[in-house]
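A.B. asks: Here's a sequence, model it:
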Amino acid sequence: MRRSVACALSSLVLLAFGALCVAERPAHATAQGESLLGVTSHFLHHDQFFPDQPRFWRVEFIIPLLKELGITTVHEAVYALTAPQRALISDGRTEPAILQRVQANRRAVGDWLGQYDKAGIRVVLAVMGHAPSPRSNENNEEFSTWIAELVASHPSIVAVQMHNEPNLRSFWRGTPEEYVDTYRAYAAKIRAKRPDVKLLVGAVSSLWWAPGVQWLKRAVDHGVLEYADGVAMHPYNVDSPPEIDPQWRGAPASDPDHREKALHAFGAELAKWNTTGRPLALYFTEFGYNTASQGRGHVDESKQADYLSRCILIFQDARLHGLPLASVYWYDLKEDGQKPDNPQHRFGLINWDLSARKPAFFAYQAIVRFFHDTWNFEAVDLKVAPSEAPASLKLKTWRRKSDGATIIAFWNSDPSASSTESTRLQLTIPLADAGAVRQYFASDAEPRDVETTPGGGTLQAVVELSTRASWLEISRQH
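C.D. replies: Numbering: from 1, shown residues only. Presented below is the predicted three-dimensional model:
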């Protein structure tokens, strides 16, 4: 993959400019807990480890992008690699050159995590060991020992995810029971070195896909929750919009709260399985939509931004209504290749060489700027009455705890509606003490003033409705 010098210089200039345009946190931002909002990255997928890959996944590029986006938590992966140039384990070899390469590569990974330490970025580290094979026991012993030392050395690592999508044969060729037994040893070593780090199991694709649920249940029956603090899931919706879980059959797809009910039903199922007596958190370590020109789940760039904004706010609402959701990670930060017809290349928020941000980047940036402090919001049951609204209108009502502001999120979920269309909508809101009212959009840096009419203990607000999420901020009258 070769690029012109001019293109390279253009990419670097844009990256430097972006680093200066860090998403500003609002005045109400607090400094407690961890944010719900994250993104997936691939800090091994570059020329130092894979010679056929460009350099753009290097941490020195990733960190400025995270700061520009406003994200403070990232999902990364480390593999038990054995190929000579990128070896992280010796694979039983004793040649001095191989051992030196292993140590050099391990130091490189430690250096990259050290950069996250200094930048204050929290890391969920996916660890991918070896499924059963003639050498798997020795390789897993070597790899897990190093992983435990790595976790102990880097405070940026807040959670360790045991493998990735082990329910798929392309990632794990063993049984669920072998997965449990393999990672039990990893968990013991990590706990001994770093008791405070969270241990995540699963990373199953998808949420309610029957083969995935069956795989996870077998792992649970074999004791996987005995060493788990959380369960990681990858709730991809494939061809369905954010408001529907295509695999959940607990309600008709026409139910306006289908996705929310599916999320809470999964949380309830997990709670039923958890007999350990310890709390268990959910982590959505991958979800997203791709912008390829063909293939399953592809959308255009505008709709990708629409869907991102709606997914994030649905997940946040589920958390505020009791789902033990610790964090969510859009897959992924940047595109993984140049082929426009390859879905695996086109999930990113930024194009492959960092020269352009996609609309979804700015949608996420706007959401992060306002909602980064998830713990500062709570759900409220506010009966908002829309005037002449479509049946596809979605409404969420929350309160910001730090100042009492009311937040009303809304969007048009009609799959046939154009991403470029918007309509005016009047909302009657039961608030008697409303102050300033502004509408924020998941795309714009600045909010817009809203036409309002108070009276009779209610507030009438005229808002702009589209397929991209937006929200009202209604301050309290002092």
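A.B. asks: I would like the residues contacting the longest helix seen in the chain, please.
C.D. replies: In the chain, with assignment by DSSP state H, the single longest helix is helix 96-119. If you take CB atoms under 8 Å, 6 or more residues apart in numbering as the criterion, helix 96-119 is touched by 43-44, 48-49, 59-60, 63, 66-67, 74, 78, 81, 84-90, 93, 123, 146, 150, 153-157. Yep, even glycine has a C-beta here, placed from its N, CA and C like the rest.
A.B. asks: Out of those residues, which sit inside strands?
C.D. replies: Counting by DSSP state E, these place 74, 78, 123, 157 in strands.
A.B. asks: Report the two of these separated the most.
C.D. replies: Spatially, the most separated pair among the ones in strands among the contacts of helix 96-119 is Val74 and Val78, at 13.2 Å (CB to CB).
A.B. asks: quick one, which of the two is more surrounded?
C.D. replies: Shown here are Val74 and Val78; by other CB atoms under 10 Å, Val74 has more neighbours (26 against 22).
A.B. asks: Excluding sequence neighbours, find me the nearest residue to that one.
C.D. replies: Spatial nearest neighbour of Val74, excluding adjacent residues (CB to CB, 6 or more residues apart in numbering): Ser41 at 5.0 Å.
A.B. asks: who touches the nearest residue to Asn140 once chain neighbours are set aside in this structure?
C.D. replies: Excluding the flanking residues, the one nearest Asn140 by CB to CB, 6+ apart is Gly129, at 4.8 Å. Gly129 makes contact with 80, 136, 139-140, 143-144, 163, 182-183, 186, according to CB under 8 Å, 6+ apart.
A.B. asks: now swap in Asp255 and tell me
C.D. replies: Lys261.
A.B. asks: can you pull the pLDDT of it?
C.D. replies: pLDDT for Asp255: 96.
A.B. asks: For the remainder of this discussion, apply numbering that starts at 57.
C.D. replies: Let's use 57 as the start, then, which means that last one is Asp311.
A.B. asks: hang on, it in a strand?
C.D. replies: No - using DSSP: H, G, I helix; E, B strand; the rest coil, the assignment for Asp311 is coil, not a strand.
A.B. asks: other SSEs contacting the helix or strand harbouring Lys359?
C.D. replies: Element membership of Lys359, judged by DSSP states H and E, is helix 357-376. Packing partners of helix 357-376 (3 or more CB pairs under 8 Å, 6 or more residues apart in numbering; DSSP states H and E): helix 314-329, strand 381-386, helix 415-427, strand 433-435, strand 449-456, strand 462-468.
A.B. asks: partner strands of the fourth one, parallel or antiparallel?
C.D. replies: The strands beside strand 433-435 in its sheet (DSSP bridges) come out as strand 449-456 (antiparallel).
A.B. asks: angle of the partner strand against helix 357-376?
C.D. replies: 50 degrees (axes from the mean of the first three to the mean of the last three CA atoms, to 10 degrees).
A.B. asks: Point out where this structure drops to low pLDDT.
C.D. replies: Within the chain, the segments meeting pLDDT under 70 span 57-89.
A.B. asks: can you pull out the helices in it?
C.D. replies: Secondary structure of the chain (DSSP H): helices located at 61-76, 115-125, 152-175, 192-209, 232-249, 266-277, 314-329, 357-376, 415-427.
A.B. asks: residues of the fifth one that come out buried?
C.D. replies: Read that as helix 232-249. 232, 234-236, 238-239, 241-243, 245-246, 249 (16 or more other CB atoms under 10 Å).
A.B. asks: any chance of those in TSV, plus distance to Trp329?
C.D. replies: Below are these laid out as TSV (distance: CB to CB, whole Å):
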residue	distance to Trp329
Pro232	13
Glu234	20
Tyr235	16
Val236	13
Thr238	20
Tyr239	17
Ala241	22
Tyr242	21
Ala243	18
Lys245	25
Ile246	23
Lys249	28
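A.B. asks: Any chance of a ChimeraX selection covering the buried ones in the contacts of helix 152-175?
C.D. replies: Buried subset of the contacts of helix 152-175, written as a ChimeraX selection, criterion 16+ other CB under 10 Å:
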select :99,100,104,105,115,119,122,123,130,134,137,142,143,144,145,146,179,202,206,210,211,212,213
